[in-house]
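Asks: sequence plus predicted model, see below.
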Amino acid sequence: MTKMTDEQAAAFFEATDDPVAAGMVAHDVSEVAWVAAAVANRDAADEQVLAAVRDARARGVPWVLIASALGVSYQAAHKKYRHLVDPVPAG
């Protein structure tokens, strides 16, 4: 498949209403499979972070330390995760 420069692509899309019908766009899903893989990796990483936050809270780790590990403020960590983790028992 011949690749277009950004300028050629912009000119083409401005010149036609239906680039697929014109035969100029012939991409399939495999050409962007890396996008789907990146999303899957992000989702898996988000689940790992959530599990780690839950574990830390279950062990009584304060939000300020969790926030530091996440690289965010206390408020940001608490707002994002507080409803997703079980509260730490008082005591």
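Replies: Received the coordinates, thanks.
Asks: pLDDT value on Ala52, please?
Replies: Looking at Ala52, its pLDDT stands at 97.
Asks: so what secondary structure elements neighbour the strand or helix carrying it?
Replies: When secondary structure is defined by DSSP states H and E, Ala52 falls within helix 33-58. Helices and strands touching helix 33-58, by 3 or more Cβ pairs under 8 Å, 6 or more residues apart in numbering; DSSP states H and E, are helix 63-70, helix 74-81. In this view, the C-beta of every residue, glycine as well, is placed from N, C-alpha and C.
Asks: buried stuff in it?
Replies: Val53, Ala56, Arg57 (16 or more other Cβ atoms under 10 Å).
Asks: for stretch 57-68, same thing?
Replies: Using 16+ other Cβ under 10 Å as the test for burial, stretch 57-68 gives Arg57, Trp63, Ile66, Ala67.
Asks: out of the residues you listed, which is nearest to Ser73?
Replies: Nearest to Ser73 among those is Ala67, at 5.9 Å by Cβ to Cβ.
Asks: thinking again about what came up before, what angle sits between the helix holding Ala52 and helix 74-81?
Replies: 110 degrees (axes from the mean of the first three to the mean of the last three Cα atoms, to 10 degrees).
Asks: I figured Val64 hits Gln75, correct?
Replies: No: if you go by Cβ atoms under 8 Å, Val64 and Gln75 don't touch, sitting 10.2 Å apart.
Asks: what angle sits between the helix holding Ala52 and helix 63-70?
Replies: Using the same axes, to 10 degrees: helix 33-58 against helix 63-70 is 150 degrees.
Asks: mean confidence for stretch 57-70?
Replies: For stretch 57-70, mean pLDDT is 95.
Asks: quote the end-to-end distance of it.
Replies: Across stretch 57-70, the terminal residues are separated by 13 Å (Cα to Cα, to the nearest Å).
Asks: the chain should start at 569 in everything you say after this.
Replies: Fine by me, first position is 569 from now on; the one you just mentioned is stretch 625-638.
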